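In: generate coordinates for the sequence data below:
(one chain, ligands or ions: 3)
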Amino acid sequence: MYTTSIASPTKLKVAEVGGRYHSVTQRLVEVLVDIPPELVEFATKDGHKLYPYFIPTELDIQPGDILSVPFGASVVGGIAIRLINNPPLGIETNKIKQVEDVVHKHFFQESYWKLMERVSQYYYTPLIQVIRAALPPKLLAKSQRRVRLTVAGAAVSTLTNSVEEQSQPLFQKFSQAKKKGFSLESCIVLLLFYLQNLIDSEYLISIFCLLIFRNSTKQIHNVTFNKILRILLLQTEGDYSLVFLQRQVQGATRAVRELAKLGLVEKYIEQARSVRPKLQKAVILTAYSFAGDITTRQREVLEVLRRRGGEMWLAELLQITGAAATTIKSLSNKGYIVIEERELLRSESDENAGSLTGTDTAKTLTYDQTQALSKIRESQTGTILLHGVTGSGKTEVYLQAIAPLLESGKSALVLVPEIGLTPQLTDRFRARFGSKVSVYHSGLSDGERYDTWRQMLNKEPQVVIGTRSAIFAPLSNLGLIILDEEHDSSFKQDSPIPTYHARTVATWRAELENCVLVLGSATPALETLIASQQQKTLYLSLPERVNSRPLPPVEIIDMRSELQQGNKSMFSRTLRDALIQLQEKKQQGILFIHRRGHSTFVSCRSCGYVVECPHCDVSLSYHQTEYGAPQLLRCHYCNYVTPHARSCPQCDSPKFKFFGSGTQKVAQELAREFPELRVIRFDSDTTSNKGAHRNLLTQFINGEADILLGTQMLTKGLDLPQVTLVGVVAADGLLHLSDYRASERAFQTLTQVAGRAGRGEEPGRVILQTYTPEHPVIEAVRGHDYKTFTAIELEQRQALNYPPFGRLILLRLSSVDAVQVANASEIIAAFLRGGEGYEILGPAPASIMRVANRYRWQIMVKFPPNALPQLPNWDEVREICPDSVSLTIDVDPLNIM
Ligand SMILES: Nc1ncnc2c1ncn2[C@@H]1O[C@H](COP(=O)(O)OP(=O)(O)OP(=O)(O)O)[C@@H](O)[C@H]1O
Ligand SMILES: [Zn+2]
Ligand SMILES: [Zn+2]
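Out: Residues are numbered from 1 along each chain as shown. Ligands and ions are numbered 1, 2, ... in the order given. As a prediction, the model looks like this:
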């Protein structure tokens, strides 16, 4: 930060940072340049590289500083990444430009850079791409450098500008005197100023300091300087963006830099909006009988207020009554009303905040919760697995672990899998910690993300709740990281690189920041379970639901026998009865189906023709949102849409059969068979609009529907006590996927969805329909038997050296050219086979070979988890991959398709 740099601390600072001096030769810095869109074409491939810049002697630059650098014809923002001694090879020294300025010192902490570097190394991703993944979009472009006067600057510009008119002769004397620098003469003149009350003592001292430390004050007389000082002085807050000054005054950039050196102005990054809530004036009626001391107009206002329940926003009251502000004021003076500031909830994320929960205080913990909490509080570092069955009160443990941290000035980071569950969780955190809570996820607009980011940089204790990328939230003084539903695969990024897993990054971050990481789940991932068995992770368990509520019994319905007995409906008789009872008892239910849309494919009844996506090797899914809505065929891979044809393109038959059910089809069937049931559909089709999650959930909570029908989204952490029934319409789609994690994922999803039932006073019930009731996953879900299931599953993984007993790296190759990608895969695989200590599987086409007109191939590298083999040099691999083929190195892949 630039303060009034009167004492010119630049030299001292160099020694301060990390305690080392930089040798004279170290005069270059590599900068991550924030290239503006209009210049991207000049950057092309180089856009992924760091640009070297010379460091002017007077600037002290450290990694993590935000800089301004010349790029093309303009000056743009950038981050200092590392200091280097010599220009990188292949770059001519005379082409290298100089850093323009330091905009913000130490924007990023050292531990943050270490984290970036670790991600870069582990995920084989250039540092710059890691930084791009971590920073909110356009951070640097939006980081408008602003300029304001320092105290000394204000004094000088007052003297040189406004005082001019008031005290012409004295002013002239001063300018003459100060031209000679620090002199007795100039000091005397200044004293005269002071004695004549033209300046106050603060100004006097500032100017003295300035004269003493900066002997060359004659520079202040520079015309450009004066223009800038005058502009800054004329605005009450005295601050402008540098861009604005550049437009107003020619040569502003240089002049501002010089003025900053003189300590007259300072530059800074615009401060984040306050974390504090917006306040708005509310009017409260205090008297209900009106004496004769009021006017008719005033009486009217009071009547309106009374009819509205005695409380209104001032603005609203003024608008409705058309009254003048003075009318309200005199009513307040007479004691009929009170005007007070009340919190107004603002912005998207805060919209309706608290509408689901209201305010909240700490609950008395159960025995198990108390045990877990004290273990978490005792721990200083390391990873803790909190294995608590659904509804065991993990969230309450998190809340109570965080509370004392905030008190002690530390911050907490809470990661959740998906946005669908965030509104409810966020509300719970807000109800407990108020405005200290902010939300960070990709659903926010760029602006909102940017604001939240800056808010995190202000060192106040706070709680950030976010999805995957929030692991990079720049919180300083982190006291605790929580990953809720840690088993969830959305914590893993498949593409673009870095293909990081937030849980992996979280362990590093906790290590670097010296804080505890808590992984919470009812169905911990096998990786996490193994780590706890190997004592790498502390294992804590909440084996029971709160208030000793039982886990809901899971009834398995064999849909084959339903069919044999003549029931062709998608609802078994058991589920049907349960749905009817639901309404009689005025209770609510959740129906789960793992696919959105209507049907997975449509085929001609007479010739068997299946409509496929022209761009992908998949059939199109049929979509019809409601009766009478357009009938569409949509590709779930590339989003291609086409109207559903009236007749078969091959044989002209008008009859189609719809296979595979999605949420829309279930909704239509429900409407047909149970017209009186009110249904809310909750899937990615209905929740794509901003705030839709919250609105739909609020409707459901308010009892505006009997059934919440949805996909995966429902399974994640919803806590709705009034839900007594959970129905799984068809479990089979989840069970028969080819990848080695299919069983684990199916068990987790089904257990989680079952866990939504019976969380309140009324006992719950789960009805699970399937065509393969004998499947081990179904057996395990029925018995809520995590232990047996994982024991069997781990055995199988071990036999095949799959994670967690082996590690995988998946190379994903794709190209519009089918032949080139196949060839490239062969070449790379051949290169890899030259190495030792790992196994190569493939190359093989991906299970859906063509997506969005790109042909996809894969090569799997498998190796033991601990003894890291001599892995191939990935740069070399990238080198041999032709430009026409894109290559992603997915480390620890989760989705292998
Ligand atoms: N000690 C307690 N006393 C009373 N109620 C509690 C207590 N702890 C938690 N609860 C309540 O129990 C319900 C379930 O808790 P919570 O949602 O935290 O469970 P969870 O373990 O996170 O569940 P899941 O893994 O299924 O999301 C919540 O409504 C919560 O307010
Ligand atoms: Zn046909
Ligand atoms: Zn497609």
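In: for ligand 3, give me its nearest residue in the stretch 351-500 of the chain.
Out: Proximity to ligand 3, evaluated over the stretch 351-500 of the chain using C-beta to the ion, is greatest for residue 495 at 16.7 Å. Using the backbone N, CA and C atoms, a C-beta is placed for each residue, glycine as well.
In: could I get the phi/psi values of the closest residue to residue 245 other than its chain neighbours?
Out: Leaving out its chain neighbours, the residue that sits closest to residue 245 by C-beta to C-beta, 6 or more residues apart in numbering is residue 252, at 4.3 Å. Dihedral angles of residue 252 (phi, psi; degrees, to the nearest 10) stand at phi -60, psi -40.
In: quick one: list the elements packing against the one helix or strand residue 383 maps to.
Out: Using DSSP states H and E, residue 383 maps to strand 382-388. The contact analysis (3 or more C-beta pairs under 8 Å, 6 or more residues apart in numbering; DSSP states H and E) places strand 382-388 against helix 367-378, helix 394-407, helix 502-513, strand 516-521, helix 526-533, strand 538-542.
In: ok, the residue of the stretch 351-500 of the chain closest to ligand 3 to residue 894 distance?
Out: Using C-beta to C-beta, to the nearest Å, residue 495 is found at 12 Å from residue 894.
In: can you list the helices and strands packed on strand 382-388 in CSV and add mean pLDDT?
Out: Putting the helices and strands packed on strand 382-388 into CSV (pLDDT from 0 to 100) gives the following:
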stretch, mean pLDDT
helix 367-378, 94
helix 394-407, 94
helix 502-513, 96
strand 516-521, 96
helix 526-533, 92
strand 538-542, 94
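In: which stretch among those comes nearest residue 75?
Out: Of all the helices and strands packed on strand 382-388, it is helix 502-513 that lies closest to residue 75, at 33.3 Å by C-beta to C-beta.
In: and residue 472, what is it in contact with?
Out: Applying C-beta atoms under 8 Å, 6 or more residues apart in numbering, we find residue 472 in contact with 115, 133, 134, 135, 505.
In: what's the neighbour count on the second one?
Out: The one in question is residue 133. Neighbourhood size, residue 133 [other C-beta atoms under 10 Å]: 20.
In: touching, it and residue 502? I think so.
Out: No. Applying C-beta atoms under 8 Å as the test, residue 133 and residue 502 come out as separate, 11.3 Å apart.
In: which helix or strand contains residue 849?
Out: Per DSSP H and E: residue 849 is located in strand 839-851.
In: hmm, back to that, who has more neighbours out of residue 495 and residue 894?
Out: Per other C-beta under 10 Å, whichever of residue 495 and residue 894 has more neighbours is residue 894, with 20 against 12.
In: how close does the more buried one get to residue 742?
Out: Counting by C-beta to C-beta, the gap from residue 894 to residue 742 is 12 Å.
In: ok, residue 519 next?
Out: 22 Å.
In: pick out whichever of these two has more residues nearby.
Out: Between residue 519 and residue 742, counted using other C-beta under 10 Å, the more crowded position is residue 519 (27 against 14).
In: contacting residues around stretch 514-522?
Out: 376, 379-390, 392, 394, 397-398, 401, 410, 478-487, 503, 506-507, 509-510, 528, 537, 751-752, 755, 786.
In: if you could redo that for stretch 316-333, that was the one I meant.
Out: Stretch 316-333 is contacted by residues 283, 294-295, 297-298, 300-302, 304-305, 312, 314, 337-339 when judged by C-beta under 8 Å, 6+ apart.
In: stretch 303-313 too?
Out: Stretch 303-313 is contacted by residues 280, 281, 282, 283, 284, 285, 288, 317, 320, 321, 337 when judged by C-beta under 8 Å, 6+ apart.
In: hmm, 10 Å instead?
Out: The contact list for stretch 303-313, computed with C-beta atoms under 10 Å, 6 or more residues apart in numbering, reads 280-288, 290, 302, 316-321, 323, 328, 331, 336-338, 342, 344.
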